[in-house]
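1. I would like the atomic coordinates for the input below:
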Amino acid sequence: MASLLSPSTPPSAIHLRRKVNLLDFSSLSTNHSLKVYGKIGRTGGYHGICLTTRAKGGIEQDVLEKDKEPIEIDVDNDYGAVGVHHVGVLCENLERSLHFYLNILGLKINEARPHDKLPYRGAWLWVGAEMIHLMELPNPDPLSGRPEHGGRDRHTCIGIRDVSKLKVILDKAGIPYTLSKSGRPAIFTRDPDANALEFTQLDG
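-> You can find the predicted model right below:
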């Protein structure tokens, strides 16, 4: 927290901008309030949003964050989004990834989506009515130093019927995983390229 202070900033008031979501407030007791101020303009959007968070942590002072920069919000933004079509997943070796997704997770290739028109190797895999697009491309993100629990990393969530059965499959394959921290029926694991995957059990 000390790195956020500047000589001109009193220790009892720390003003943060925009990237407040990047900070870890897990050890703080927080109280948030979200206010919309200003009037609706001619474009149908609000002129600004004010997010105020007051937290008390290990230091004696309260931490006050406030951002009053105007943010335009269009209240008429229905353009017909109906679902997630596919998720793009980068891999270093397509055959290794296909072994994981096909032989261990049991997904199927969408043969109707050939890859010969793309300048890189890959495959489309069915996940219900949606797809995972495996792409054999260089990964710009570091593979080391990622959280052990995939729920605290970027991840793709797949709905399944039986978490306990998947647990047996992963145990048999020797693939490490973690369970949901909230106690709900969900498993987090990683593919051979450290891409985080969540499998959450659906009701019904």
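
2. Three-state assignment for Y101, please.
-> helix (DSSP: H, G, I helix; E, B strand; the rest coil).

3. Begin at 10, not 1, for the rest of this chat.
-> Yep, numbering from 10; the last one is Y110 now.

4. Now do it, the pLDDT please.
-> For Y110, the pLDDT comes out at 99.

5. Ok, E74 next?
-> The confidence metric pLDDT takes the value 53 at E74.

6. Mark out where each domain of the chain begins and ends.
-> 17-83, 95-210 (automatic domain parsing).

7. okay, how far is it across the longest one, tip to tip?
-> Just to be clear, that refers to domain 95-210. Across domain 95-210, the terminal residues are separated by 20 Å (C-alpha to C-alpha, to the nearest Å).

8. Also stretch 99-108?
-> 15 Å.

9. Residues touching that stretch, excluding its own?
-> Stretch 99-108 has contacts (C-beta atoms under 8 Å, 6 or more residues apart in numbering) with 98, 118, 130-132, 143-148, 200-202, 204. Bear in mind the C-beta positions are built from the backbone N, C-alpha and C, glycine included.

10. farthest-separated two in these?
-> I118 and P147 (23.0 Å; C-beta to C-beta).

11. so of the contacts of stretch 99-108, which ones are in strands?
-> V98, I118, G131, A132, L143, M144, E145 (DSSP state E).

12. most neighbours, which of those?
-> Among the ones in strands among the contacts of stretch 99-108, the one with the most neighbours (other C-beta atoms under 10 Å) is L143, at 26 neighbours.

13. Tell me which residues touch it, please.
-> V98, C100, L103, S106, L107, Y110, G131, A132, W133, L134.

14. Apply 7 Å and report the result again.
-> Residues near L143 by C-beta atoms under 7 Å, 6 or more residues apart in numbering: V98, C100, L103, S106, G131, A132, L134.

15. Now render the ones in strands among the contacts of stretch 99-108 as JSON lines, adding distance to P156 and pLDDT.
-> Conversion of the ones in strands among the contacts of stretch 99-108 to JSON lines gives the following (distance: C-beta to C-beta, whole Å; pLDDT from 0 to 100):
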{"residue": "V98", "distance to P156": "18", "pLDDT": "97"}
{"residue": "I118", "distance to P156": "30", "pLDDT": "97"}
{"residue": "G131", "distance to P156": "26", "pLDDT": "96"}
{"residue": "A132", "distance to P156": "27", "pLDDT": "97"}
{"residue": "L143", "distance to P156": "23", "pLDDT": "98"}
{"residue": "M144", "distance to P156": "23", "pLDDT": "97"}
{"residue": "E145", "distance to P156": "25", "pLDDT": "98"}
